[in-house]
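Colleague: what's the 3D shape of this:
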Amino acid sequence: MTTVDVIRCCLDSIRQISENIKDAIVYLDAGSSESFQFIGAFPLFLELGARGVCSLEDVSAVDEVVDWNTNADPARKVVVITSRLLSDAHRYILRCLSTLHSVRHCFIYTSISEVAHSAYPDSPLGPDAYHEYESLLNQDYEELVKKRETAHVPGNSGLKENTASEDEGWSELTSIEDDISRFDGISSAKPSQEDYFSGYSEDIGLHLAVSVHHFPLILCPFSPRVFVLPSEGCVAEASLSAEHENSISCGLPPLSTGKLADAEDASPGASLTAQFLYHLALKMDLKLEIFSLGDLSKNVGKLLTDMSSLYDVGRRKRPAGLLLIDRTLDLLTPCCHGDSLVDRIFSSLPRRQPIISSSQMKGSQNELKTGPVKLDRAPLALQIPLEKLIIEEDSKNNFQLLDSIEAFLDGWDSFNSDASSVELMKYSKKRNDESFFQSSDGKRLQGSFVSTDNFRGAPYLEAILERRTKDGAVLIKKWLLESLRRENITSNLKIRPGLASKLELQSLVRALAKKQPCLVKNKGIIQIAAATLHALDELHSASWDAFNSAEKILHVNAADTSQSLAAQISDLINKTVLLKHNTAAKTRGIFTFEDALLLTVIGYILAGENFPTSGSGGPFSWQEEHFMKEAIVDAILENPTVSKLKFLQGLSEDIEAKLKTTKSDEKKEDPSDDFEDDQWDSWGEEDADKDMSKEEVYGDMQLKLELRDRVDNLFKFLHKLSSMKRNTVLRGGMFALEGRRTDDPSLSKGLIYKLLTNILNNHDIPGLEYHSSTVGRLFKSGFGRFGLGQAKPSLSEQNVILIFVIGGINGLEVREVQEAITGSSRPDVEVILGGTTFLSPENMRELLLGDYSHI
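Modeller: Numbering: from 1, shown residues only. As a prediction, this is how the structure comes out:
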């Protein structure tokens with residue numbers, strides 16, 4: 001039987017629509033672009049006959065002349081693949097069709113099913129969403145064509161008026177005339193604008209054929225068995241919990257209480273997640289036995305069970321177990337800085353900026369008031385700096401490759417060839433000045449991860465996912481040496497066996513990237529090595545190691561007394577004031593106030609697990625919390641920039657004004673004790689100064705009182721985090737998982753490791769709920785009375801286990817899953833790990849304390 005491979009399933013899904021892709025221009029939105037980048041699907045599109053692959057949000061008339069297959073005929077087909085709701089993608093699809101005048105067939109593939117479209121709050125589409133949208137798009141397109149026909153009649157003065165009316169309805173997107181003017185400046189061999197529109201007017205009467213289809217497999221696989229959802233896709237952006245007593249953030253499930261909410265009241269994120277998992281199982285031919293742990297997971301499991309049918313169960317499918325887990329059952333693991341090379345890379349490297357226009361920003365603000373909240377997840381596309389690694393130190397031909405790339409990129413942005421030549425000459429002079437690279441930010445040449453890049457069949461990204469930091473660096477060093485040996489390239493640096501140093505990796509990468517053909521051929525390992533070098537840089541590694549040391553100290557103090565843990569947290573907060581006087585402190589591992597708040601969250605979660613709650617509702621005494629509160633108040637007054645945190649919203653101007661007043665008072669202080677004669681002149685103004693001083697003292701007192709109220713709200717939120725395991729059954733299950741392992745290493749393991757270890761060892765997990773399938777309910781209700789009842793299945797019996805964490809996963813959990821499988825008696829079991837998004841400690845801090853927090 002074939003193994004389960006998420007990447008292969010995604011690529012097969014693209015091949016299944018090859019008939020429509022052939023001779024078509026393929027447009028991908030931000031979410032699908034992110035997904036297909038990870039699976040390396042862009043060459044596949046061209047292999048299947050696509051004219052080109054373009055961005056849906058960046059449609060241009062240039063797209064019409066870019067043809068990979070050099071077909072002289074104009075493009076008649078367009079394929080649009082989107083990870084958003086059709087209503088959200090509509091403005092871009094309409095703009096695409098209005099820009100490419102020769103298109104007669106439009107195939108739209110969306111990852112959101114018809115049922116999900118109709119169930120989404122405030123959705124304009126009903127149960128027959130796809131057919132409804134086909135007619136609506138045709139209607140809007142025909143109306144737009146009529147306006148364009150009127151606008152381009154010779155002598156018509158209503159061009160601007162018509163354009164304005166069209167743009168008003170579609171969020172002021174760039175008009176078609178702007179795109180055409182840019183198109184006109186590309187080449188002198190193109191037809192004139194009059195000829196262009198004459199061809200357009202000939203096609204006006206032709207009908208546009210639109211067809212909408214479901215394409216569920218838009219996801220970001222890090223390996224054949226690890227995946228997350230695209231950051232700018234509808235499912236990842238959907239809110240997981242509304243603001244109520246047990247919720248902590250829009251991007252995380254609510255705290256589990258053991259009370260199952262009505263499925264009709266499920267959050268948009270829960271219903272979209274259920275739809276995604278249902279269709280994922282269908283595409284992978286898996287018959288799921290559904291288990292859940294956590295309140296939101298139970299809702300998703302119930303929705304999945306309701307979607308099942310006798311037809312689905314009766315088909316020949318491979319049995320598999322689905323384990324749904326709420327992220328809030330283990331907030332500690334994604335908040336901590338564990339020993340994972342991939343986590344270090346994702347925390348240190350810059351991300352691609354989200355593709356959001358100003359019109360989208362306006363729309364999102366309106367939605368926050370009237371509709372469901374949409375989250376801005378951190379993009380998964382990393383920007384790996386490559387420019388500095390491919391520069392040769394002692395050669396005048398250093399910049400040949402960079403010049404070629406620059407010429408290609410600048411060529412598409414130029415309005416005429418003369419201007420392009422001038423700019424390229426200026427750029428060439430800059431390139432030959434070595435000081436240019438010292439100031440360059442390297443934005444022109446950046447790499448990204450592709451999960452299908454491999455070394456002799458072993459995918460690079462999958463291999464380092466399962467490695468610790470040092471082991472991963474050693475493995476990358478081995479790959480570089482093997483690649484150099486295969487290319488017959490010698491390195492002057494003496495390589496020592498064992499640990500990989502930064503200097504060794506840098507020397508090996510430079511040697512491998514010296515020649516352009518070798519650089520292109522070995523781009524996968526070069527990009528992985530460049531990302532590792534960036535993560536191991538002193539600026540990033542010092543911060544990560546300092547966090548790791550502080551978290552270990554908090555773990556030790558949590559095993560001691562609440563007094564020692566509270567004192568350690570207060571000390572960490574007080575040290576953040578040092579940053580005010582030392583801008584280079586961050587490089588030496590001293591934390592900012594935001595860092596200290598994240599460590600405070602970690603400390604409270606540890607306190608909730610180790611200490612019983614006091615009468616005040618928190619794990620610390622009133623006096624211990626008082627010292628922590630005062631430390632936070634003082635730190636905020638010393639660092640006004642932190643007022644951007646959500647629990648301080650509205651106080652930023654007052655805090656900054658207070659700090660400026662304090663600084664000005666310090667400057668005015670005169671150290672001299674001499675009594676000058678001119679002070680007699682102001683002797684009578686003492687009363688006025690006293691009145692002003694009283695007003696300032698009163699204002700400072702009011703500010704501190706307001707600030708203390710905000711800090712009190714913060715600590716109420718921390719109390720909520722420390723009491724996450726309120727459900728007695730669930731709390732008993734967590735304690736049972738801890739009690740079965742007595743060796744020290746497992747004490748620092750995450751929840752997924754503990755669950756999987758107990759599942760593979762065939763141990764019961766208290767609080768784990770099983771959702772009966774349709775046939776199971778039939779046996780239970782009907783045939784059970786005849787003694788033909790169906791026994792409850794167990795996760796440990798499954799050969800394929802799909803674990804999906806609602807809220808997200810991190811790299812450490814991927815490694816721990818592999819460790820749990822290796823250490824079990826069932827190393828042949830296939831475990832697939834998925835999550836809503838890929839989390840870093842910075843992402844968790846934003847979710848818990850940022851704009852989407854429910855403080």
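Colleague: hey, let's count contacts and neighbours off CA atoms from now on
Modeller: OK.
Colleague: Just say helix, strand or coil for residue 834.
Modeller: strand (DSSP: H, G, I helix; E, B strand; the rest coil).
Colleague: To what extent is it buried, counted in neighbours?
Modeller: 26 (other C-alpha atoms under 10 Å).
Colleague: how close does it get to residue 76?
Modeller: Look at residue 834 and residue 76: by C-alpha to C-alpha, to the nearest Å, they are 38 Å apart.
Colleague: Same question for residue 373.
Modeller: Going from residue 373 to residue 76 by C-alpha to C-alpha gives 38 Å.
Colleague: Ok, residue 826 next?
Modeller: Residue 826 is 54 Å from residue 76, by C-alpha to C-alpha.
Colleague: again, but for residue 842
Modeller: Distance from residue 842 to residue 76, counting by C-alpha to C-alpha: 46 Å.
Colleague: likewise residue 125?
Modeller: In this view, residue 125 and residue 76 are 28 Å apart by C-alpha to C-alpha.
Colleague: who's more crowded, those two?
Modeller: Shown here are residue 125 and residue 76; by other C-alpha under 10 Å, residue 125 has more neighbours (21 against 16).
Colleague: residue contacts, the more buried one?
Modeller: Neighbouring residues of residue 125 by C-alpha atoms under 8 Å, 6 or more residues apart in numbering: 117, 118, 132, 133.
Colleague: Skipping adjacent residues, who's closest to the second one in space?
Modeller: Sequence neighbours aside, residue 126 is the residue nearest to residue 118 in space, at 4.6 Å (criterion: C-alpha to C-alpha, 6 or more residues apart in numbering).
Colleague: Make sure that neighbour is indeed in a strand.
Modeller: No - counting by three-state DSSP, residue 126 is not part of a strand but coil.
Colleague: That one reaches residue 117, doesn't it?
Modeller: Yes - using C-alpha atoms under 8 Å, residue 126 makes contact with residue 117 at a distance of 7.1 Å.
Colleague: And those two? Which one has more around it.
Modeller: residue 117 (23 against 17).
Colleague: picking that back up, and the residue nearest to residue 118, what is it in contact with?
Modeller: 117, 118, 132.
Colleague: go on, residue 34?
Modeller: Contacts for residue 34 (C-alpha under 8 Å, 6+ apart) come out as 220, 230, 380, 381.
Colleague: Residue 26: neighbour count?
Modeller: Neighbour tally, residue 26, other C-alpha under 10 Å: 25.
Colleague: partner residues bridging it?
Modeller: The partner list for residue 26 in beta bridges (DSSP bridges) reads residue 53, residue 79.
Colleague: quick one: pLDDT of it?
Modeller: For residue 26, the pLDDT comes out at 94.
Colleague: Who are the contact partners of it?
Modeller: 50, 51, 52, 53, 54, 78, 79, 80, 81.
Colleague: which pair in the residues you listed spans the largest distance?
Modeller: By the measure C-alpha to C-alpha, 51 and 81 form the most distant pair in the contacts of residue 26, at 15.1 Å.
Colleague: on that earlier part again, quick one: which of the contacts of residue 125 is most hemmed in?
Modeller: Ranking the contacts of residue 125 using other C-alpha under 10 Å puts residue 117 first, with 23 neighbours.
Colleague: Touching, it and residue 128? I think so.
Modeller: No - between residue 117 and residue 128 there is no contact under C-alpha under 8 Å: 9.1 Å.
Colleague: show me where pLDDT drops low in the stretch 701-850 of the chain?
Modeller: The stretch 701-850 of the chain contains residues with pLDDT under 70 at 725-747, 773-791.
Colleague: what about the host helix or strand of residue 299, distance to the chain center?
Modeller: Per DSSP states H and E: residue 299 is located in helix 295-307. Mean C-alpha position of helix 295-307 versus that of the full chain (C-alpha atoms, centre = their mean, to the nearest Å) differs by 24 Å.
Colleague: okay, how far is it across stretch 449-456, tip to tip?
Modeller: By C-alpha to C-alpha, the extent of stretch 449-456 from end to end equals 17 Å.
Colleague: Would you mark the buried spots in it?
Modeller: Judged by neighbour count using 16 or more other C-alpha atoms under 10 Å, the buried positions of stretch 449-456 are 449, 450, 451, 452, 453, 454.
Colleague: what about it, distance to the chain center?
Modeller: 21 Å.
Colleague: Any chance you could list what contacts that stretch?
Modeller: 37-40, 221-223, 381-382, 459-462, 479, 524-525, 527-528.
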